[in-house]
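> Structural data only, the sequence is not supplied:
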């Protein structure tokens, strides 16, 4: 290993740092910490010439996502790429380096009464580049859309040693959209996201929460979906299995004070009409933080994520076994399921059957010993030959996160 490490680009690291940068039990021999987009491209070129297998690191919050890497030689960290490059509050746009923590970006935007309405797990650790690469939308997807809806420009470093830029600095600029779309959710298998241009929005004047309880999941999901279709739609709506066999519907309401009150009155009426009960007690402190981080557990529970048509959510939830736990987003058709490791394979098969041809169920997190036995991504999509051709064109030596994405890309 020592001789191999000396032939690799980057800096050699000790055992403790290797363990901190491990991915599914594999350890890197060296680490690279580029200073900016051009430096990242130069580093990737050295790795490509070796060739050395690269795993890209941001904040580490989504490193359990994906299949185990086929090889892992170099940890490619964006931890030094943390600058806010441009910010135009009047234009509601900003440009940031990929290693900036989302919490730090939000703090800067907050000073101007603005925000980026994405709420991925662990924003104190999650980086901008990681959010884009993993397409981590958070719980507000039903109201505010996905990562793609907020990215207006991107810079990507490639193994060729070049940096490609697409999009622009203003919301109306749509040039290069395909390049942006290509890298959002690609898990760093086609290039390293180095910079991102976002559009942002004004912070709401007021926010409130409503918590309701139901005897079964179906009416809770139906109320959540019905509210999503209203003018005063909730900013966030989730359905969880609660204590004593009940099901909880939690709503976050945002907007002007009069709108929030009207939305709350409407939600209470819908809940009661569906046979639910509205919670009178104060919401526990940190409720939304716990819900936001729910899909990234620290234990060995397996997390499955189903994405189905909105009307199919009740059928999917009904197929979840009793020993599993559920967090569903009725306005977006996303259902996260936490299941004990011994039941993971059977539950995955059961849910894929329930999701049908129009749905998808993937493994978001699992112990490495179990990953080898699970089909992490499921069947490749119909356009997979195009995906494979793009991988070959942009990363011909297959050095970027090899084997971690759909179809072993």
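Okay, I see it. The structure displayed is predicted, hence computed values, not measured ones. Residues are numbered from 1 along each chain as shown.
> Settle this for me: residue 34 is touching residue 79, isn't it.
No: here residue 34 lies out of contact with residue 79, judged by CB atoms under 8 Å, at a distance of 9.6 Å. All C-beta spots, glycine's among them, are computed from the backbone N, C-alpha and C.
> More neighbours: the two, which one.
residue 34 (24 against 14; other CB atoms under 10 Å).
> Give me the mean pLDDT for stretch 60-80.
For stretch 60-80, the mean per-residue pLDDT is 96.
> In it, which residues are buried?
Under the neighbour-count criterion of 16 or more other CB atoms under 10 Å, stretch 60-80 has 60-67, 69, 72-78 buried.
> now stretch 398-409
398, 399, 400, 401, 402, 403, 404, 405, 406, 409.
> ok, now stretch 83-97?
Residues 87, 92, 93, 94, 95, 96, 97 are the ones in stretch 83-97 that count as buried (16+ other CB under 10 Å).
> Would you state the helices of the stretch 1-150 of the chain in chain order?
2-7, 15-20, 37-49, 102-110, 128-134, 141-144 (DSSP state H, counting those that start in this stretch).
> Any chance of those helices in CSV with mean neighbour count, mean pLDDT and distance to residue 190 as columns?
Putting the helices of the stretch 1-150 of the chain into CSV (neighbours: other CB atoms under 10 Å; pLDDT from 0 to 100; distance: least, CB to CB, whole Å) gives the following:
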stretch, mean neighbour count, mean pLDDT, distance to residue 190
helix 2-7, 10, 52, 26
helix 15-20, 12, 95, 26
helix 37-49, 21, 98, 12
helix 102-110, 17, 98, 22
helix 128-134, 27, 97, 10
helix 141-144, 20, 93, 23
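> Nearest approach to residue 184 belongs to which of these?
Set against residue 184 and scored by CB to CB, these come closest in helix 128-134, at 5.5 Å.
> All the strands of the stretch 151-300 of the chain, in order from the start?
For the stretch 151-300 of the chain, the strands defined by DSSP state E, counting those that start in this stretch occupy 151-157, 163-167, 192-199, 201-202, 206-214, 236-241, 247-255, 277-278.
> let me fix that: the stretch 1-150 of the chain
With DSSP E, counting those that start in this stretch as the criterion, the stretch 1-150 of the chain has strands spanning 11-12, 30-32, 54-57, 74-77, 84-88, 93-97, 114-115.
> rewinding a little: which one among the buried residues of stretch 83-97 gets closest to residue 336?
If you rank the buried residues of stretch 83-97 by distance to residue 336 using CB to CB, residue 96 comes first, at 27.7 Å.
> Compare the helices of the stretch 1-150 of the chain and give me the one nearest residue 187.
Nearest to residue 187 among these is helix 128-134; the distance by CB to CB comes to 5.7 Å.
> Where is the longest helix in this protein?
Secondary structure of the chain per DSSP state H: the longest helix is helix 257-273.
> Just the buried residues of that helix, please?
Of all the residues in helix 257-273, those buried under the rule 16+ other CB under 10 Å are 259, 260, 263, 264, 266, 267, 270, 271.
> Widest-spaced pair of the residues you listed?
259 and 271, at 18.4 Å, using CB to CB across those.
> Just flag the most distant two among the buried residues of stretch 60-80.
Checking those with CB to CB, the most distant pair is 61 and 73, at 22.8 Å.
> For residue 377, which three-state class applies?
Following DSSP: H, G, I helix; E, B strand; the rest coil, residue 377 is assigned to coil.
> Hmm, residue 187 and it touching each other?
No: Residue 377 lies out of contact with residue 187 (CB under 8 Å); the separation is 10.2 Å.
> so what sits against both of the two?
The overlap between the contact sets of residue 377 and residue 187 (CB atoms under 8 Å, 6 or more residues apart in numbering) consists of residue 405.
> Could I get the full set of strands for the stretch 301-409 of the chain?
Ranges of strands in the stretch 301-409 of the chain, per DSSP E, counting those that start in this stretch, are 302-307, 325-329, 334-339, 360-365.
> Just send the ones you listed back as a markdown table, with distance to residue 110 and mean neighbour count too.
Listed next are the strands of the stretch 301-409 of the chain as a markdown table, based on distance: least, CB to CB, whole Å; neighbours: other CB atoms under 10 Å:
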| stretch | distance to residue 110 | mean neighbour count |
| --- | --- | --- |
| strand 302-307 | 30 | 22 |
| strand 325-329 | 25 | 22 |
| strand 334-339 | 27 | 23 |
| strand 360-365 | 29 | 20 |
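> Distance check, the closest residue to residue 60 other than its chain neighbours against residue 286.
In space, and not counting its chain neighbours, residue 60 is closest to residue 125: 6.5 Å by CB to CB, 6 or more residues apart in numbering. Here residue 125 is placed at a distance of 17 Å from residue 286 (CB to CB, to the nearest Å).
> Also residue 401?
33 Å.
> ditto for residue 100
Distance from residue 100 to residue 286, by CB to CB: 24 Å.
> I'd assumed residue 105 was in contact with residue 124.
No: with contact defined as CB under 8 Å, residue 124 and residue 105 do not form a contacting pair (11.6 Å).
> Among the helices of the stretch 1-150 of the chain, which comes closest to residue 389?
Closest approach to residue 389 among those (CB to CB): helix 37-49, 18.4 Å.
> one step back: tabulate the strands of the stretch 301-409 of the chain (a markdown table), appending mean pLDDT.
Formatted as a markdown table, the strands of the stretch 301-409 of the chain follow (pLDDT from 0 to 100):
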| stretch | mean pLDDT |
| --- | --- |
| strand 302-307 | 97 |
| strand 325-329 | 97 |
| strand 334-339 | 97 |
| strand 360-365 | 96 |
